[in-house]
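Participant: turn this into a model:
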Amino acid sequence: MSAYLVNSRGDVLHATTDRDGHLATRKVFGLPHLAEAHPDTQYENASMAAIAPDALVLSDGTGELIVLSGDAISPWSIRFSGSPFGKPTSLTLLEARLENEYFVHGVASQLLFPTSADASGSTYAISAFSINLQSGSVTTTLVYTGGKPLGYASFASATDVLLLVEGPHELKVSLQQPPPTLSPIVHKRPHSDSADDDADGPELLKCPRAGIGFDGVHQSPHVPASSLGHATDATSLYDRFVTSSTPFSSMETPTSSAPASAPVPDESARIEIPTPDSILGGFEECDDLDPNATAVLYRYDVASRACLGRLPIDCRRFHFLGSSATPLQTSVTSHVPKTLLFQYDVHGAVFSVGADLRHLELLHDATFQALAYVQASKEQKKYLQFHPSASLAAIAEFEKRLFVYTGPQGGAGPHRRLHYLEELALKAPTIYGLQFLDASSLLLLTPSALLRVSIPSSSSH
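Facilitator: Below is the predicted model:
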């Protein structure tokens, strides 16, 4: 169980835990120019990807790509350094993969600023690159340009990378598969039992939506209440739902303009108390989807520099929220793409990519019930990540708080999930990073410390 990070001094650190869960960090390499870079030349934070347990690809934020490697015997060293996209530029490393001992493939995003006052806005240029570590040569290919950042990039084989592209974009490489015809139907979720959202597709989970994890307004945090408003263990969450008949997305007064709720007076309270504003806000944001949204999953082949597959996403029912945590690559022969999390009404639906890459398909693996509502109701959400096994999801807010949501568990009822709220007892509690170590622990990066948070098992509750 380990992870890599870069501190404010430009040191690349390796964080590991022992069998007892004790956390330790070790400096493996120093890049002092990261701490000395001027804002006029460093347009982005450093970003990196682990291509092996002892090898990293790093973008320094100025346009330079660096490949580092080492082991327990040999000290870490730079195996490649170069600026194939120019320098300085706003370059973010999205994904990288080690094909064999000498070839590294990856995907990077470059933010292109408007060149004139008449330009409508910034553009993201998504490119693929291949580095020959033996010769030092590097090749780049512009895959597409678009108005939104790339939210998902994952290698499904040594040379096949999957890209989920949202919004209008212009493909810059050839597409060797005719695009399927998209349905022109525009959809907003109806709020009546007679309307069936899922008539044109598979039903993933059918639950009435009102009353998610809430049994009334608690005037004081000292009022006895079980976790997040679960009133009793005898009645399932499904049985306590009340079918919604109010079109929250068409309220005369938007929730965002309502006065802020009064803060909880006791900061040591270990429960987040819902209010009518926060409840309606979560529903309204889940309903407030763009009816004209588009998203496409591409399969890009690094060897042929072409897209060999295209799968449109049904944005009338699914909105992309994020991808699963990326474990360290342990073998160049194993290629398991990251899973994808979509908002499905008020739920979070997890999909994996089918094994046959010749025919792209997304397979429903698991459902985080009410997770879309949970993340929508967070006013300061910053990071959303979930474990590849779909056993845990975590939302880290800007300040201090970490919200952990458990996935399906054998001992729980079909409509019940456990929730945990962790408040960091630090003077500077801003959360800078979040990464799962395994299915029972994760790392939190703050300005002053690296923390390991252990998630209790369901058997202990």
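Participant: check for me that Leu443 belongs to a strand.
Facilitator: Yes - the assignment for Leu443 (DSSP: H, G, I helix; E, B strand; the rest coil) places it in a strand.
Participant: what about it, neighbour count?
Facilitator: Residues near Leu443, counting by other CB atoms under 10 Å, number 20. Where you see a C-beta, it was placed from the backbone N, CA and C, and this is true even at glycine.
Participant: quick one: pLDDT of Leu437?
Facilitator: Listed pLDDT for Leu437 reads 83.
Participant: give the contact list for it.
Facilitator: Applying CB atoms under 8 Å, 6 or more residues apart in numbering, we find Leu437 in contact with Met1, Ser2, Ala3, Thr17, Leu443, Arg452.
Participant: which element is the last one on?
Facilitator: Right, the one you point to is Arg452. Secondary structure assignment for Arg452, by DSSP states H and E: strand 450-454.
Participant: and that strand with strand 441-445, angle?
Facilitator: In terms of direction (axes from the mean of the first three to the mean of the last three CA atoms, to 10 degrees), strand 450-454 departs from strand 441-445 by 150 degrees.
Participant: ok so, going back, among the contacts of Leu437, who's most crowded?
Facilitator: Ala3 (23 neighbours).
Participant: just say helix, strand or coil for that residue.
Facilitator: strand.
Participant: any idea what it is bridged to?
Facilitator: Ala15 (DSSP bridges).
Participant: next one, pLDDT for it please.
Facilitator: pLDDT, Ala3: 87.
Participant: then Leu328?
Facilitator: With respect to pLDDT, Leu328 has a value of 58.
Participant: low-confidence ranges in this structure?
Facilitator: The model of the chain has pLDDT under 70 over residues 1, 114-120, 178-284, 288, 327-334, 379-380, 407-418, 426-428, 457-461.
Participant: what segments of it are helices?
Facilitator: Taking DSSP state H, the helices of the chain run over residues 33-36, 276-287, 371-376.
Participant: what does the shortest one rub up against?
Facilitator: Just to be clear, that refers to helix 33-36. Val6, Ser8, Arg9, Gly10, Gln42, Ala46, Asp60, Gly61.
Participant: bridging residues for the closest residue to Arg97 other than its chain neighbours?
Facilitator: Of all residues not flanking Arg97 in the chain, Phe155 sits nearest, at 4.2 Å (CB to CB, 6 or more residues apart in numbering). In this entry, Phe155 is beta-bridged to Val161, by DSSP bridges.
Participant: now do the contacts for Phe155.
Facilitator: Counting by CB under 8 Å, 6+ apart, Phe155 touches Glu95, Arg97, His105, Val161, Leu162, His335, Pro337.
Participant: all strands of the stretch 351-461 of the chain, in order?
Facilitator: Applying DSSP state E, counting those that start in this stretch to the stretch 351-461 of the chain gives strands spanning 362-368, 381-386, 392-397, 401-406, 419-423, 433-438, 441-445, 450-454.
Participant: out of these, nearest to Gly121?
Facilitator: Among the strands of the stretch 351-461 of the chain, the nearest to Gly121 by CB to CB is strand 381-386 (23.3 Å).
Participant: could you name the helices and strands sitting against the closest one?
Facilitator: Using 3 or more CB pairs under 8 Å, 6 or more residues apart in numbering; DSSP states H and E as the contact test, the elements touching strand 381-386 are strand 318-323, strand 392-397, strand 433-438.
Participant: try it again at 10 Å.
Facilitator: Applying 3 or more CB pairs under 10 Å, 6 or more residues apart in numbering; DSSP states H and E, one finds that strand 381-386 contacts strand 318-323, strand 340-344, strand 347-353, helix 371-376, strand 392-397, strand 401-406, strand 433-438.
Participant: now these as JSON lines including distance to His359?
Facilitator: Converted to JSON lines, these look like this (distance: least, CB to CB, whole Å):
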{"stretch": "strand 318-323", "distance to His359": "19"}
{"stretch": "strand 340-344", "distance to His359": "17"}
{"stretch": "strand 347-353", "distance to His359": "11"}
{"stretch": "helix 371-376", "distance to His359": "28"}
{"stretch": "strand 392-397", "distance to His359": "29"}
{"stretch": "strand 401-406", "distance to His359": "33"}
{"stretch": "strand 433-438", "distance to His359": "30"}
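Participant: identify the residues contacting Ile51.
Facilitator: Applying CB atoms under 10 Å, 6 or more residues apart in numbering to Ile51 gives the contacts 57, 67-69, 95-99, 104-106, 155, 328-329, 332.
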